[in-house]
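Engineer: whatever this is, show me its structure:
(chains A and B)
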Amino acid sequence: MDMAVQKSFTQDVTEAAAAKAVKIAARDVNVHYGDKHALKHVTVDVPDKGVMAFIGPSGCGKSTFLRCINRMNDTIPGCRVSGKIEIDKADIYDPSLDAVQLRARVGMVFQKPNPFPKSVFENVAYGPRIHGLANSKAELEQVVVTSLRRAGLFEEVKDRLADPGTGLSGGQQQRLCIARAIAVDPEVILMDEPCSALDPIATAKIEELMSELTERYTIVIVTHSMQQAARVSQRTAFFHLGNLVEEGPTEVIFNNPKEQRTQDYITGRFG
Amino acid sequence: MAVTALPTMGPRAKPSTSEIVKSGIRRRYAAERRFRLYGILAVLFGLTFLVILFANIIARGYTSFLQSSFRLEVFLDPAVIDPSGAREENTLLMADYGSLAAEALMKALKLDPKSRPDERAATGLLSQNADTEIRNYVLRNPSEIGKSVSLWVLAHANADSVMKNAFDRTVPEARRKVSDRQLALLDRAKAEGILQLRFNTGLFTYGASSQPETAGVGVALVGSFFMMMTVLLLAVPLGVMAAVYLQEFAGRNRLTDLIEVNINNLAAVPSIVFGILGLAIFINLFGLPRSASLVGGLVLALMTLPTVIIATRAAIGAVPPSIREAALGVGASKMQAVTHHVLPLAFPGILTGTIIGVAKALGETAPLLMIGMVAFVVEIPTTPLEPATALPVQIYMWATAAERGFVERTSGATIVLLVFLAVMNLIAVILRRRFERRW
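Structural biologist: Sure, this is the predicted structure:
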């Protein structure tokens, strides 16, 4: 861990997360959109197999940082990323590492459910198919069914695999997107406000699903809902105006934050 | 501001918001009604002119789909056609079929075969192409020589206009193209059913001709077809590829901005300029043949290219970015995201833009004049390198001819062209409906 971060959490040395291996390590990450300095000197560690939440007011850079982890920002014209992000000690911005290869390891679920306008089956099968993960039709079907099961969607759609994915309800669509992401068996799943377009019941299902998925995957979630961060995550990072203000175990951030700004945001004084 | 909550508050002197709104509401609704009325009037105005245009063209042109023919019992006299009996093709080609046609017509009209004035009157009613029709029949069926066969033989354009009641009989005989004797013969032939108006297949199979009854849009149809194929094969792949590259792969810089501005400018360049370009480059520089539909197609493809590029870019731009992100998010490469997701979703838009572009090209005349497609082409071309004309050019050429037969053919060809364009637009709409997907 970075010195500055470590110093502020010395009293939490016994925390569980520290015992876990570090999956993603970001060091001094800066992002510029043209002239705008959107993300400033972010240094943070994401532990393996768990949920880490990024919270903060709109425009604070949390989504920007999330999109650095699978190099989704590469696609935005005028976006420059500097600093270092390592996954399993390998620099993901190393020119020798391909973004396509990286995104097969780091899946992403977006704010608005965005299934392809194809069948439910095709939606989930797309990733394995383009990467050549299944050698036969039977194997592909197996992958699709397993992914849908893990996403908790199989029972609801097993009779409608050939129907368009866009015909499902919002919550089902989002779980379909999760199934699509886990079909390529990634190591990390990034979720960019996955429940902001969903009703409370669908949200509850997704949250439940997240806690099940932590057995296999490392999940990083950006959320506007502090309750959601408190419910699903083991660690939380608070972003404000492009800075990482504070990071630590979720209960510490919510109950006993070090920084005044964190305290103000948590208690609803701004944001 | 909460308006409804405060109806009774405040001093009487100052009217409440709701009162102010109420006093003006009638005026606002009246303005809205006036605005809607203007819109309806504009639509009606346009529709009226459209109806007048169509009614005019159809009223003038529908008769061109019918053509007068004589039903003749032609005796294929071996003594005239093939005295030697060798059935050599050259002999069959050179025979005097005109006399056979005249003889058959005289017989059908029960005229004295020895009477010269009667013969002159009768043969004047036959198309100058009558001998060719009989010859073609004989060449197809040489075994029929020596027999008497029943054939439909085209009547002369003047006889045709009498049949279509477009002939003014009150004009003094000396200034008429049809004599009193011929009028009497025609009336009798019509009454006896020897002369009938039949569907004019020749309109679609004949090429250029100085005789209206044997002039058709056949060459123009084939020429337009070849050009359309050239446009589809060239402009669509080039346009779509260029648009995909510019929209999805090219960076934003001075150069791409310049290209974009130029494409938009090209779409607005007058079509005759493309004709001059085609003349200078394809004919003078590359030495391609004049009047060839390939050159016409190349010119029209150049003209259609900007339209296709602009339509494709708009269609691709309308695909929501979330679909690209979804594909990239599961690890699709940029090209996979484009070919698997963006292009299929943009397909209906690309298709519509393309068909409208091609339809526009199909109706284009000016550039074709520059490359010599205003030609008198009789033979139907079999390859795009042979001389041909195009439908709109054919209309232009007929419009300059004075005979009544050509006047009705001008409108007839216009109807054919309009039907073509309508069918293409209909196909565009149907395909769009079929492939349109929601997301």
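
Engineer: please, where are all the strands along the chain?
Structural biologist: No chain specified, so I'll use chain A. Ranges of strands within chain A are A:22-33, A:36-47, A:51-55, A:79-87, A:90-91, A:106-109, A:188-192, A:218-222, A:235-240, A:243-249, based on DSSP state E.

Engineer: was after chain B, sorry
Structural biologist: Using DSSP E, strands in chain B cover B:66-75, B:148-154, B:195-199.

Engineer: which of those is buried the deepest?
Structural biologist: Neighbour counts (mean count of other Cβ atoms under 10 Å in any protein chain shown) averaged over each of the strands of chain B peak at strand B:66-75, with a mean of 22. Where you see a C-beta, it was placed from the backbone N, CA and C, and this is true even at glycine.

Engineer: now do that one, average pLDDT.
Structural biologist: Average pLDDT, strand B:66-75: 90.

Engineer: same check, this time on stretch B:41-59
Structural biologist: Per-residue scores along stretch B:41-59 average to 95.

Engineer: also stretch B:412-425?
Structural biologist: According to the model, stretch B:412-425 has a mean pLDDT of 91.

Engineer: for stretch B:123-142, same thing?
Structural biologist: In this model, stretch B:123-142 has a mean pLDDT of 88.

Engineer: distance across that stretch, terminal residue to terminal residue?
Structural biologist: The straight-line separation of the ends of stretch B:123-142 (Cα to Cα, to the nearest Å) is 25 Å.

Engineer: and for the closest residue to B:Ala250 other than its chain neighbours, the neighbour number?
Structural biologist: Spatially, and ignoring its direct neighbours in sequence, B:Ala250 is nearest to B:Thr256 (4.8 Å; Cβ to Cβ, 6 or more residues apart in numbering or on different chains). Close neighbours of B:Thr256, defined as other Cβ atoms under 10 Å in any protein chain shown, add up to 13.

Engineer: shouldn't B:Phe65 be in contact with B:Gly202?
Structural biologist: No - B:Phe65 lies out of contact with B:Gly202 (Cβ atoms under 8 Å); the separation is 10.5 Å.

Engineer: show me which of those two is the more surrounded one.
Structural biologist: B:Gly202 (21 against 16).

Engineer: wait, doesn't the more buried one sit right on B:Pro212?
Structural biologist: No - using Cβ under 8 Å, B:Gly202 is not in contact with B:Pro212; the gap is 10.3 Å.

Engineer: low pLDDT regions in the stretch 151-300 of chain B?
Structural biologist: Nowhere does the stretch 151-300 of chain B drop to pLDDT under 70.

Engineer: around chain A, pick out the residues from it.
Structural biologist: B:Gly251, B:Arg252 (Cβ under 8 Å from any Cβ of the partner chain).

Engineer: residue boundaries of the helices in the stretch 151-300 of chain B?
Structural biologist: In the stretch 151-300 of chain B, the helices defined using DSSP state H, counting those that start in this stretch lie at B:157-163, B:180-192, B:202-205, B:218-244, B:254-267, B:271-278, B:293-317.

Engineer: how far does the last one sit from its chain's centre?
Structural biologist: For helix B:293-317, the gap between its own C-alpha mean and the chain's C-alpha mean amounts to 19 Å (Cα atoms, centre = their mean, to the nearest Å).

Engineer: report the angle between it and helix B:218-244.
Structural biologist: Counting by axes from the mean of the first three to the mean of the last three Cα atoms, to 10 degrees, helix B:293-317 lies at 40 degrees to helix B:218-244.

Engineer: elements contacting helix B:293-317?
Structural biologist: helix B:218-244, helix B:254-267, helix B:271-278, helix B:343-362, helix B:366-370 (3 or more Cβ pairs under 8 Å, 6 or more residues apart in numbering or on different chains; DSSP states H and E).

Engineer: same check on the fourth one?
Structural biologist: In this structure, helix B:218-244 makes packing contacts with helix B:202-205, helix B:293-317, helix B:343-362, helix B:391-399, helix B:404-435, judged by 3+ Cβ pairs under 8 Å, 6+ apart.

Engineer: quick one: buried residues of it?
Structural biologist: Within helix B:218-244, the residues scored as buried using 16 or more other Cβ atoms under 10 Å in any protein chain shown are B:218-228, B:230-232, B:234-236, B:238-240, B:242-244.

Engineer: likewise for the third one?
Structural biologist: By neighbour count with 16+ other Cβ under 10 Å, helix B:202-205 contains the buried residues B:Gly202, B:Leu203.

Engineer: repeat for stretch B:83-95
Structural biologist: Across stretch B:83-95, burial judged by 16+ other Cβ under 10 Å covers B:Leu92, B:Ala95.

Engineer: and B:Glu248, what does it touch?
Structural biologist: B:Ile316, B:Lys334, B:Val338, B:Val342 (Cβ atoms under 8 Å, 6 or more residues apart in numbering or on different chains).

Engineer: any idea which of the residues you listed the model trusts least?
Structural biologist: Scoring these by pLDDT puts B:Lys334 last, at 90.

Engineer: chain A versus that one, what's the distance?
Structural biologist: Distance, B:Lys334 to chain A, using Cβ to the nearest Cβ, to the nearest Å: 8 Å.

Engineer: count of neighbours near that residue?
Structural biologist: So B:Lys334, with other Cβ under 10 Å, has 17 neighbours.

Engineer: what sits against it?
Structural biologist: Contacts for B:Lys334 were tallied using Cβ under 8 Å, 6+ apart; they are A:Thr75, B:Glu248, B:Phe249, B:Leu328.

Engineer: now these in a markdown table, with distance to A:Thr267?
Structural biologist: A markdown table is the format used below for the contacts of B:Lys334 (distance: Cβ to Cβ, whole Å):
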| residue | distance to A:Thr267 |
| --- | --- |
| A:Thr75 | 37 |
| B:Glu248 | 46 |
| B:Phe249 | 48 |
| B:Leu328 | 38 |
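
Engineer: neighbour-wise, give me the winner out of those.
Structural biologist: Highest neighbour count within the contacts of B:Lys334: B:Leu328, with 23 neighbours (other Cβ under 10 Å).

Engineer: so what pLDDT did that one get?
Structural biologist: We note a pLDDT of 92 for B:Leu328 in this prediction.

Engineer: quick one: contacts for it?
Structural biologist: Contacts of B:Leu328 (Cβ under 8 Å, 6+ apart): A:Met72, A:Thr75, A:Arg103, B:Lys334, B:Ala337.

Engineer: again with B:Ala155
Structural biologist: With the criterion set at Cβ under 8 Å, 6+ apart, B:Ala155 makes contact with B:Gln67, B:Ser68, B:Ser69, B:Phe70, B:Leu125, B:Leu126, B:Ser127, B:Met163, B:Leu195, B:Glu213.

Engineer: wait, B:Arg198 sits on B:Phe70?
Structural biologist: No - the criterion here is Cβ under 8 Å, and B:Arg198 misses it with B:Phe70 at 10.4 Å.

Engineer: show me which residues of the stretch 1-150 of chain A sit near chain B.
Structural biologist: The stretch 1-150 of chain A has residues A:70, A:72, A:75, A:77, A:100-101, A:103-104, A:107-110, A:112, A:114-117, A:126-127, A:130-131 near chain B, with proximity defined as Cβ under 8 Å from any Cβ.
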